[in-house]
Structures are given as structure tokens and as C-alpha cells.
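**Q** Give the three-dimensional model of this entry:
(chains A and B)
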2 protein chains.
Amino acid sequence: MLSVKEQLEIISKGTDEIIGMEDLETKLKKSIEESKPLTIKLGLDPSAPDIHLGHAVVLRKIKQMQDMGHRAVIILGDFTGMIGDPTGKSKTRKQLLREQVLENARTYKEQLLRVLDPEKTEVKFNSEWLAKLNFSEVLSLASKCTVARMMEREDFKNRFTNGQSIGIHEFFYPIMQAFDSIHLHADIELGGRDQRFNLLMGRTLQKEFGQESQAVVMMPLLEGTDGVNKMSKSLGNYIGIDEDAVAMFNKVMTIPDNLIIKYFNLATDMHPKDISKIEESLSMGENPKNIKMQLAKEITTLYHGETEAKKAEENFIQVFAERQKPQEIRAVSIEETDDILSAMVKGKLCASRSEARRLVLGGAVKINDQKTTDFKTAVKNNDIINVGKFKFIKLVHRA
Amino acid sequence: MLSVKEQLEIISKGTDEIIGMEDLETKLKKSIEESKPLTIKLGLDPSAPDIHLGHAVVLRKIKQMQDMGHRAVIILGDFTGMIGDPTGKSKTRKQLLREQVLENARTYKEQLLRVLDPEKTEVKFNSEWLAKLNFSEVLSLASKCTVARMMEREDFKNRFTNGQSIGIHEFFYPIMQAFDSIHLHADIELGGRDQRFNLLMGRTLQKEFGQESQAVVMMPLLEGTDGVNKMSKSLGNYIGIDEDAVAMFNKVMTIPDNLIIKYFNLATDMHPKDISKIEESLSMGENPKNIKMQLAKEITTLYHGETEAKKAEENFIQVFAERQKPQEIRAVSIEETDDILSAMVKGKLCASRSEARRLVLGGAVKINDQKTTDFKTAVKNNDIINVGKFKFIKLVHRA
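**A** Alright, predicted model coming up:
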């Protein structure tokens, strides 16, 4: 096992804030002495099973701790999810939600294990222990927490001040999250800055229940490819961990230069020492494009392995850096009767003739590198059609 | 059954406030049409099983409704009682508390049924349904209620403003009380003005659960015999319903005249029409002492029956009104060697010679109707000693 100091260096990399640093040091020391891994907890809302590099920031941090020997428990907040809708009281409704949650969880688990070490990862539903609490136990838990403390939470405070309603049950979200930590005897909980209040509640209630308080490791938000907004699916600035190697590599290459180091810190498992060297070479005048290619290859390797990453790199060099046609242009066989629209549909550049027409009219389509906006343009054998920068097909008449 | 109007007249007698008067009218109308009694609810804290006329105010009101055909359910808040102590988590502790609660409840029930009609009274513990609620049900209940609404409760508001802590579990007291109403489908809930918030919560949550809202009948506090403070055991100004007929009669005779009508309204079941007549005769110049004797007899009859009440009245007339010696003076045999102090101890006028001495020096003791402050005064056969207005003994030398 690495020394406390070495472990702290890796844990600290890229973090926003660590609360309970002394507790963390004590825990790491004890863990080394007793050869006993720490329990690292992460709670996730099971409603969004489509993980991108933004979500993966905390997962990568956990992976780094797993590599140092610790074990992770991922909590899928199905209990919270099921009671999310205050009016959904009927049994039938609940049963349905339960199935949804289980289905989401399967997908989620698959994706989580593309980052985490399956040998050192447990995935649990918090309904396992929360659903069993009775009224008396709930009240005893609630008694450990004051209204004033709860109202310190930014959103509660603001809503109360602005006369927006807060349901009493909402007070139980932080309490439930804290109880998860108690139940698991969590040593470290990870989360984003927006989780600060809930993470601290875990520390407070663990102490109330006679446990050592968990250390809290907060990770910053990762900006998306636009370099401005938080990475998010709805903003379209995301890099999904399920995207193919070429798309992943190319998307990383579109981030602005000022995010390169942040991406190294938050989206790779590279050692802080190596990142420092890169930072140094950047400041010595190294071309950011080269560093960014190293970043793109590093990230792509994490999710697709070295061979695929190498191919994606070569593809990038050809398509973008060299402004050449990509090596792999798909051949699409067409009939003599096909026009540009039906050829595009056959080549899967779009889903329908009407979409193809819109793309042509919108100026997104080139034939043999010449833009055309005429959707009646004829096509012939060996024509290369491309839409945007990424999609190329070569037409081949059937023999 | 009495008409809606007649019932409302009796229900309204002496009340502080009725909330949901329209609901109450509708309920009474339906009850008459369907010959179905209304369910009247009263929640009691099972920790104080020693009922005085102040507590009995709400019970008498319920008895009046029982006499009109309705049924009462008395809730003993054992669930609330058991979780009252937030730190009392251990099983053993709870078990003990449970036994205490059950023991208290037995005494309580006995006393309740000295006022209420046993045929139309059910006594229930709210743990019967509250203990069974699981976390999910608790949250669903809590979701029906906002923090802002809760903070309208006077004591919560004040404590929050003054920086005094409020445990989240305390929010559940009104919610639990409301859930009792839902569980029982209560039509009317009784309580004091201090219960206003909790009683209204019942109305709100019943509606949320698709029930008709209960009407709320609030009774005023009854002043004690001092005429100033709320009747209370600790202030010593109370008339217990367990006191004997003579003590009860005599204590009622000590209340100030301005409370006579209030006592008729709150401490007897006399019809409002008859009380009006009494009020009228008072204003026409009738001697308040006579009216108060009617009140004392009315109240004593309620708890001891007519024969005992008559005896108590006769006793009062002799001891107080006629300023004569009471008929029943205990004979106490003494030796020739006894002085006034030992005679008082033997006669149980006090517990010790030193207490006897203090009483004599304080001027509280008479021999043969003559006050004496000399604790060396000699006593002889047939002397009558009295302390205050109530305690008389007659000394008899041993033969």
C-alpha cells in the first residue's frame, strides 16, 4: 500500500474541497496499519443512466482510490426515487416505478463498471435499509437534526425566504443520505459541491450514532466541450463514456485550451506528478494541440483500450490535422435509380428522405468535397458524400 | 335525536371557538338523517392521570354530545409519549416506558369513565396505527405539509426567531395528531385553545386524504379556585374529580362570584336555557352565595350522586353558613399528661410537635372557638380544637 502522504496526493488531485482532512489522515493511517481497505461511498440518483465524462469525474476519483486498495459502495437512491412523487401513493404505481428503477439500475451498473474496478465495487439500493425503518426509528433520526440547521441549506433558505413552499418530507433527503453513510460505516463520501450540505449531514449524524465521521471529498464540476457550461446531455456539450473511440477522441480535441489541465486532472487517472510535467511543458511553449492529442488519447484509452485509441488518433490526424479524407469511408451500394436523397438514406447519413432534403438545403452536404444545396443533384458510382465533418460514404453501383 | 339547532345550542355552550361550523351543521344533519352517531375525538397525553375539573371541561362537553347520541374515541398518545425522549433509543428503556404508559392508562380510563358514558366511549392508544407506519408512509404524510405552514405555529415561530433549537421530529407532533383524526375518520375534535394549530392540521390533512374535515371545538381554560390562574395541581387551586363530596362542595364554595356562570357553563351539564335563567336571577339581585350553593350541589351530584351531594350541602350549611361546629367532630383520646401539642399530633391535625408549635404560634389554632398562640396552654377533657376551617377534634380523657 502507498504511504498516507502518497495516497493523500492522489486523492487530493483535482478536488474542490476535502472536509475532515484530519479524519482522512487518521483513517488512511489505520487502514495501512490494519491492512484494511476504507469504504468509499457515492450516492447516485438512479434516474439518469447515461454517463458522460462529467459524471465520471467522481467515478475516476473512486477508481484511483480502488487502485490504492480501497473498496467502493455505490448507492442507487431507489428509495428516494420511489417516494419522489408525493401523490404516488397507490401500490400499483409504486410497483411500476420499482420496475423502472431496476431497469435503470441494470444499465447504470454496466456503465459504472466501465470506470470502476468490478472486484472492489458493490452496488446497493438504499431501499434495502431505508424501507425497513419504522415511524419510531424515523423520528429518532429526525430528532438528531434541528430545523435551524436544515434551513442553512442554500436552497431551503432561499425558498423559505422567497415564500416558495418546502415539503416537510424534503428535509428527509439529507437525513436519508446521512443514514446511508451510517448504515455503511462510510469512511469517505464523494460528491459535487452542490452536495456539500448533504455530505456534511453524514458527518454530523455518524457522530450522533457513535461512529467516526466520514471524510468528504468534493469534486468540481467539469465544463463541457463548449468550455463554458457544466457538461450536460441537454446542452449537447457532453462526451459520453459509451461513445465510440473516434467520436470520443474528436470531441476531446474540440475543448478550449484553457481546460486541458483540468481535463487531465478530472477526466484521466494520470498521476499528479505527470500532470505537473505536462503543465510545465505547456508553460514552456509546447503547442497545446499536441498536448490535447495526448489528453484525447489518454481519455480514449481509458474507455476503449490502446488499440482503439491509436486508431482514433490516426483517424483524427487524417481527417482534421491533415485535412484529408478519412481512411475508412464506408462503401454503400446503390442502384442506378437512386438520387442523392435515397443514397444518403441507404448510407445511413440520415433517417429519411425528408431529413436528407433538409440537410442538403441547409448546406450540410458535400459531394466529392463540393457543397451542394440542390437535392435533385444526380449521383454516380464512386461519388463520396459527406455530412458535416464526421460522416463519409462512398457510393458503389451494384455489379 | 335532537334537531341540528338544538344540538348546536348544547355543543356551543361555553366554547371558546368552533372552527368549521358549516361542516359541523352538515355532519349533524347527515347524522340525524342516517341515524348515525358522529365520532368525537379527544387526544390526551397519558402522563398525567389525575383529573381535575379543569381537565374535565372537554370531557363534560363530550359527555353532553354522548347524551345526544354521539360516540367518543379518546386517544391516549402513547406513541408520542414513547418517542418523547430523543435519546431513549435502547429497547430496555422502551419496554419500561411501555409498562408505565399502560399503568397510567388504566388509572386514566377509570377517571375518564367517571365523566364519560362507558357505553359510548372507546379508549385507544395511537401506537396501534402510528407504530405501524413505515418510512415511505411517513414521508408521504410529511409531503402533505409545508415548512412554512409549520412555522406558523406560535411556539415554533418564536423558538426559531429566538434561535432556540427545534428538532425535526417535533414537526411530527401535529402531523401525528392529524393522522389520528384521519385514522378514526373523526367528525369533531375537542381541545383547548393551545391546541389550535394541531386541531387545524387535522382538518387540513383529512382533506388531503380525501376525507371531510373534522369540526374543531375549542374549550376555554377554567380558572382555579383562586379565580386568577388556570386550574392546576401544582398551583393548589384545583378541584379533583376524585375528591370526596364534602371537599368538592366546600372547594366550589370558595370560587369568586364572577366565575359562577363560567363554572355552570364549563363544569356542569346544565342546559344553556337553565343557565340563562340563573344568570338572569343573579342580575336581578339574587344572593350569589345561594347560586354558588346550587353550583356546588350540581357539580358534586355529577361526581358523587344526589345523596352524597345533599350530605355535603348540609355539612357546608352547618360548618360555614351557620358558623356552627360541624356535626362530625372526631373524638381523640388523650392522657392527662398530654399538652396541646401532643393532643394535636394524636388528633392528626399535624405530623409532629414542632409543626403543631408552628401552627399555634402562627395563630391557626383555636380551643373551644378561642384562638390561642400559647403553645403551653393546657387542655382538658371535652375541649374542641380546630385548625383552620376544616379540621376539628374533640379531646376525650381515657377512662
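**Q** For stretch A:380-398, list every residue counted as buried.
**A** Neighbour-count burial for stretch A:380-398 flags A:D383, A:I385, A:N386, A:V387, A:K391, A:F392, A:I393, A:K394, A:L395 (criterion: 16 or more other Cβ atoms under 10 Å in any protein chain shown). C-beta here means a position set from N, CA and C on the backbone, and glycine is covered the same way.
**Q** okay, now the domains of chain A?
**A** Following automatic domain parsing, chain A resolves into domains at A:4-219, A:245-321, A:330-397.
**Q** do you know which of these lies nearest chain B?
**A** With Cβ to the nearest Cβ, the closest approach to chain B among the domains of chain A belongs to domain A:4-219: 3.4 Å.
**Q** start to end distance for the closest one?
**A** 20 Å (Cα to Cα, to the nearest Å).
**Q** can you pull out the helices in the stretch 51-200 of chain A?
**A** A:53-67, A:78-82, A:91-112, A:127-130, A:135-142, A:147-150, A:154-161, A:172-184, A:196-208 (DSSP state H, counting those that start in this stretch).
**Q** between the fifth one and helix B:135-142, how big is the angle?
**A** In this structure, helix A:135-142 runs at an angle of 70 degrees to helix B:135-142, with axes from the mean of the first three to the mean of the last three Cα atoms, to 10 degrees as the basis.
**Q** returning to that earlier point: quickly, which of the helices of the stretch 51-200 of chain A bottoms out on average pLDDT?
**A** Ranked on mean pLDDT, the bottom entry among these is helix A:91-112, at a mean of 70.
**Q** now A:K371: how far from A:I385?
**A** From A:K371 across to A:I385, the span is 11 Å (Cβ to Cβ, to the nearest Å).
**Q** same deal with A:S354?
**A** In this view, A:S354 and A:I385 are 17 Å apart by Cβ to Cβ.
**Q** do A:E298 as well
**A** For A:E298, the distance to A:I385 - Cβ to Cβ - is 33 Å.
**Q** Can you report phi and psi for A:E243?
**A** When quoted as degrees, to the nearest 10, the phi and psi of A:E243 stand at phi -70, psi 150.
**Q** wait, what's in contact with it?
**A** Residues near A:E243 by Cβ atoms under 8 Å, 6 or more residues apart in numbering or on different chains: A:K251.
**Q** ok, now A:C350?
**A** A:M344, A:A356, A:L359, A:V387.
**Q** thought the second one was touching A:F375?
**A** Yes. When contacts are counted by Cβ atoms under 8 Å, A:A356 is listed as touching A:F375 (7.3 Å).
**Q** Neighbours of the residue lying closest to A:S31 once chain neighbours are set aside, how many?
**A** Counting by Cβ to Cβ, 6 or more residues apart in numbering or on different chains, A:S31 lies nearest to A:L38, which is 5.2 Å off, once chain neighbours are set aside. Look at A:L38: counted by other Cβ atoms under 10 Å in any protein chain shown, it has 22 neighbours.
**Q** A:S140 too?
**A** Neighbour tally, A:S140, other Cβ under 10 Å: 18.
**Q** next one: A:F79
**A** A:F79 has 23 neighbouring residues, counting by other Cβ under 10 Å.
**Q** just checking, it touches A:S127?
**A** Yes. Between A:F79 and A:S127 there is a contact at 4.0 Å, judged by Cβ under 8 Å.
**Q** For the stretch 151-300 of chain A, which residues are neighbours of chain B?
**A** When proximity is defined by Cβ under 8 Å from any Cβ of the partner chain, the stretch 151-300 of chain A lies next to chain B at A:F156, A:F160, A:G163, A:S165, A:I166, A:G167, A:I168, A:H169, A:F171, A:F172, A:I175.
**Q** same thing but 7 Å
**A** A:F160, A:S165, A:I166, A:G167, A:I168, A:H169, A:F171, A:F172 (Cβ under 7 Å from any Cβ of the partner chain).
**Q** Can you say which of those residues are buried?
**A** For those, a burial check counting by 16+ other Cβ under 10 Å picks out A:F160, A:I166, A:I168, A:H169, A:F171, A:F172.
**Q** Give me the pLDDT for the second one.
**A** What the model reports for A:I166 is a pLDDT of 90.
**Q** related to what we said a few turns ago, nearest to A:L349 among the helices of the stretch 51-200 of chain A would be which one?
**A** helix A:53-67 (26.8 Å; Cβ to Cβ).
**Q** Which residues does that closest one contact?
**A** By Cβ atoms under 7 Å, 6 or more residues apart in numbering or on different chains, the residues outside helix A:53-67 that reach it are A:10-11, A:40, A:42, A:72, A:112, A:115-117, A:120, A:190-191, A:217, A:219, A:221-222, A:230-232, A:238-239, A:241, A:266-267, A:269.
**Q** So which of those are in strands?
**A** Taking DSSP state E as the definition of strands, the contacts of helix A:53-67 contribute A:I40, A:L42, A:A72, A:L190, A:G191, A:V217, A:M219.
**Q** Quick check: the farthest pair among the residues you listed?
**A** A:A72 and A:M219 (14.4 Å).
**Q** The two - which one has more neighbours?
**A** Comparing A:A72 with A:M219 by other Cβ under 10 Å, the one with more neighbours is A:A72, at 24 against 21.
**Q** For that one, list each beta-bridge partner.
**A** Counting by DSSP bridges, A:A72 is bridged to A:I40, A:T121.
**Q** Assess the claim that A:V387 and A:I367 are in contact.
**A** No. In this structure, A:V387 is not within contact of A:I367 by Cβ atoms under 7 Å, at 10.9 Å.
**Q** so how far does stretch A:358-371 reach from one end to the other?
**A** 14 Å.
**Q** Return the set of buried residues in that stretch.
**A** Counting neighbours by 16+ other Cβ under 10 Å, stretch A:358-371 gives A:L359, A:V360, A:A364, A:V365, A:I367 as buried.
**Q** Would you map the strands across the stretch 201-350 of chain A?
**A** Using DSSP state E, counting those that start in this stretch, the strands of the stretch 201-350 of chain A run over A:215-219, A:330-334.
**Q** For B:V379, which of the ones you listed is the nearest?
**A** Closest approach to B:V379 among those (Cβ to Cβ): strand A:215-219, 83.0 Å.
**Q** same for that closest one, what does it pack against?
**A** strand A:17-19, helix A:21-33, helix A:53-67, strand A:188-192, helix A:196-208 (3 or more Cβ pairs under 7 Å, 6 or more residues apart in numbering or on different chains; DSSP states H and E).
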